[in-house]
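*Asks:* 3D, please:
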Amino acid sequence: MAKRLRVLLVVLTVIFTGMGTKSGLAEEIRPLPSILSDVERHIGELTINLDDIRKRIDFLQNLPVTHDPVIQELRALDLQGWTLHREQWELQLEHLRFVETMLRKVQGISGEPHELRAAWRLHEGQYRTSLEGYRRQRDTIEERRLITEGRMFERYLP
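*Replies:* So this is what the prediction gives:
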């Protein structure tokens, strides 16, 4: 998913850069309706994937109670990880909806180019900051899970 996101950001950067130079440049690269269609498809796919993540979270929340503290910790970390994953994908869904709105404005020339650029740059900065925050949280959860798995492993060694 991260690869697709990077590709999308590159495509959008090219589009918005083309807005400032020659609008025909963006059309030569790839027609805007085709890009909008891709964004709409990604929104649909992400919506389905979010439903699957919600089901996984529900499953984890409804597991039978265990009194083993290590298993409890592993389950808690799994739940944290999937919850974080859901939140990040919800952010990505909001981002794609913003992208769709911006592209429609570009397509219909609804708005001043400098206002569209400013809105994009503001959104891009906020989005990058949020993504970095999710990366840090994910790294922390993965590190804690690795340590907890090590404790689980050690208990079975002679």
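*Asks:* which residue ranges form the helices in the protein?
*Replies:* For the chain, applying DSSP state H gives helices covering 2-21, 23-29, 32-61, 69-108, 113-155.
*Asks:* what mean pLDDT does the shortest one have?
*Replies:* Throughout helix 23-29, pLDDT has a mean value of 52.
*Asks:* Could you measure from the residue most central in space within the chain over to Asp52?
*Replies:* For the chain, Gln92 is the residue whose C-alpha lies nearest the centre (CA atoms, centre = their mean; 3.5 Å). Distance, Gln92 to Asp52, by CB to CB, to the nearest Å: 15 Å. Any C-beta I mention is one placed from the backbone N, CA and C, and that applies to glycine too.
*Asks:* Repeat that for Tyr134.
*Replies:* Distance of Tyr134 to Asp52, computed by CB to CB: 18 Å.
*Asks:* Could you do Pro113 as well?
*Replies:* As for Pro113, its distance to Asp52 is 39 Å (criterion: CB to CB).
*Asks:* quick one: which of the two has more around it?
*Replies:* Taking neighbours as other CB atoms under 10 Å, Pro113 and Asp52 compare with Pro113 leading, 14 against 10.
*Asks:* And the pLDDT at the more buried one?
*Replies:* Pro113 is assigned 85 on the pLDDT scale.
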